[in-house]
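> Let's see this in three dimensions:
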Amino acid sequence: MGDMLWLDKLVQDWWWGLQLLIWGLRGVTRVILANNPLSGLLILAALLWASPWQALLGIVGVLCSTLTAIITGQDRSEVCGGLHGYNGMLVSLLMGVFSSSRDWYWPLLLPVCLGSVTCVLLFSSLSSLLDRWDLPVAVFPFNMTILLFLLCTGPQHPYFPRHWSVPPGARDMNATQLNVLQVLRGIPLGVGQIYACSALGPSLLILGAVLLYSPILAVHALLGSAIGTLAGLSMAVSQSCLYSGLSGFNGALGCMAVGGLFFTFSWRTHLFAISSAFFSAYMDIALSNLLGTVGLPACSWAATIVATLMMLMTGTLKAYRIPIGHVQSPEQNLRSCNQWEAGSPTDRDRESTDV
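So this is what the prediction gives:
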């Protein structure tokens, strides 16, 4: 169904609360590189299915960050597109996952709100820097904020205790023979782990939400997760990482970013997407082992860094690069490229996607 940009025009004169709902739903899908309100509804349903408490934290995070962006006067088109919501949602979800307190621990809403506000401020600051190279801010604000929060707390913190993150290279105490079915099950779970979801049913629903937005993106999500799982097997990571999908989610993000979203889909970019998935997965293992020594997770640093490096590449890949302001669904990007190639020389000069 693509970006559904017609919906924004339809509701622009309607009740402001309905517009805020649509902006928030777009922010929900931006976590997985999509941009569709209906997909956002499906993803929220998946999170509610997996954990109502986690879903509540995510909703608070996306609303708090979106409202902060409105109050601080951020660019309206970015607010309407959900670009100020997804980092706040990710921070909120990860705070809930790493908290060792029980569910419905209401004091956790305080750091959730503060973390969401911080993401908006970091997004605004980083965008002025990265815009010089036409690069997206992506989830740099989320990765920075969640690490700062986890460094400020610890397993013995009196108010916000957290779990100690274990490196993926650590051996399982009760490891037995590898279960192939569990490894295969971890591939769709890798897509769900983008939202810190480790249940199979909700993960499949999240994958369905991506499919509703873009079949090309959904295929690359599964492919990237499978590649990440393969990379984990080659590095003999712990079975818990393989079975839970933690080995696959950075590969999925890296593959999706290159395979049709920020680059026009073709066989060349498809090969680059596969390379990006491998690179993201191996970097994630390295960073997780490094940060795990002090009990910290690597989050999605690997996929974010690799996708940024891919967008800075010169040579063949540069010809397929799409300017950030023109990024839409992969199908729409491909359709626009075909129209550009069929246009007149004047149109080509005006609509060139080269950076």
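> The helix of greatest length in the chain - contacts with which helices or strands?
Using DSSP state H, we find that the single longest helix of the chain is helix 267-292. Helices and strands in packing contact with helix 267-292 are listed as helix 215-234, helix 249-256, helix 301-311; criterion 3 or more CB pairs under 8 Å, 6 or more residues apart in numbering; DSSP states H and E. Backbone N, C-alpha and C define where each C-beta goes, glycine included.
> ranking those by burial, who's on top?
Taking mean count of other CB atoms under 10 Å as the contact definition, the stretch among these with the greatest mean neighbour count is helix 249-256, which reaches a mean of 34.
> Any idea how far that helix is from the middle of the chain?
Computed by CA atoms, centre = their mean, to the nearest Å, the separation of helix 249-256 from the middle of its chain amounts to 9 Å.
> what's the angle between it and helix 215-234?
140 degrees (axes from the mean of the first three to the mean of the last three CA atoms, to 10 degrees).
> what's the average pLDDT for helix 249-256?
Averaging the model's pLDDT scores along helix 249-256 yields 96.
> helices and strands around it, which ones?
With contacts defined as 3+ CB pairs under 8 Å, 6+ apart, the secondary structure elements packing on helix 249-256 are helix 180-192, helix 215-234, helix 267-292, helix 301-311.
> need those helices in TSV with mean pLDDT and distance to Val79, can you?
Conversion of the helices and strands packed on helix 249-256 to TSV gives the following (pLDDT from 0 to 100; distance: least, CB to CB, whole Å):
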stretch	mean pLDDT	distance to Val79
helix 180-192	95	27
helix 215-234	95	23
helix 267-292	94	29
helix 301-311	95	22
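> Sketch out the low-pLDDT regions of the protein for me.
Counting by pLDDT under 70, the chain shows low-confidence ranges at 171-176, 338-355.
> Now do the strands for it: every range, in order, please.
If DSSP state E is used as the criterion, the chain turns out to lack strands entirely.
> Domain-wise, how is it divided?
The chain resolves into domains spanning 1-155, 214-355 when parsed by automatic domain parsing.
> closest one to His163 among those?
Ranking those by their distance to His163 (criterion: CB to CB) puts domain 1-155 first, at 5.2 Å.
> The closest one spans what distance, first to last residue?
Chord length of domain 1-155, first to last residue, is 44 Å (CA to CA, to the nearest Å).
> same check, this time on stretch 260-275
Stretch 260-275 end-to-end distance (CA to CA) = 14 Å.
> I'd like to know how many residues surround the closest residue to Leu317 other than its chain neighbours.
Distances taken as CB to CB, 6 or more residues apart in numbering put Phe272 closest to Leu317, at 5.7 Å, once the chain neighbours are dropped. A count of nearby residues for Phe272, using other CB atoms under 10 Å, gives 20.
> need the contact list for Phe272.
258-259, 263, 310, 317 (CB atoms under 8 Å, 6 or more residues apart in numbering).
> measure it to Gly254 for me?
In this view, Phe272 and Gly254 are 10 Å apart by CB to CB, to the nearest Å.
> just checking, Cys197 touches Leu47?
Yes: the pair formed by Cys197 and Leu47 meets the contact definition of CB atoms under 8 Å, at 6.7 Å.
> Now the common contact residues for the two.
Between them, Cys197 and Leu47 have Gln54 as joint contacts when contacts are counted by CB under 8 Å, 6+ apart.
> In this structure Glu331 contacts Val219, no?
No: under the criterion of CB under 8 Å, Glu331 lies out of contact with Val219, with a separation of 11.7 Å.
> Next up, the contacts around Met95.
Contacts for Met95 were tallied using CB under 8 Å, 6+ apart; they are 57, 108, 111-112, 115, 146, 149.
> switch to 10 Å and redo it
By CB atoms under 10 Å, 6 or more residues apart in numbering, the residues touching Met95 are 54, 57, 61, 108-109, 111-112, 115-116, 145-146, 149-150, 153, 160, 162, 196.
> The nearest residue to Pro188 once chain neighbours are set aside: how many residues sit nearby?
Here the nearest residue to Pro188 in space, its sequence neighbours aside, is Ser203; by CB to CB, 6+ apart that works out to 5.0 Å. By the other CB under 10 Å criterion, the neighbourhood of Ser203 contains 26 residues.
> Val191 is in contact with Ser203, correct?
Yes: counting by CB atoms under 10 Å, Ser203 sits close enough to Val191 to count as a contact (5.7 Å).
> so what sits against both of the two?
Counting by CB under 10 Å, 6+ apart, the residues touching both Ser203 and Val191 are 197, 225, 245.
> Leaving out chain neighbours, which residue sits closest to the first one?
Counting by CB to CB, 6+ apart, the nearest residue to Cys197 once its immediate chain neighbours are dropped is Ala50, at 4.9 Å.
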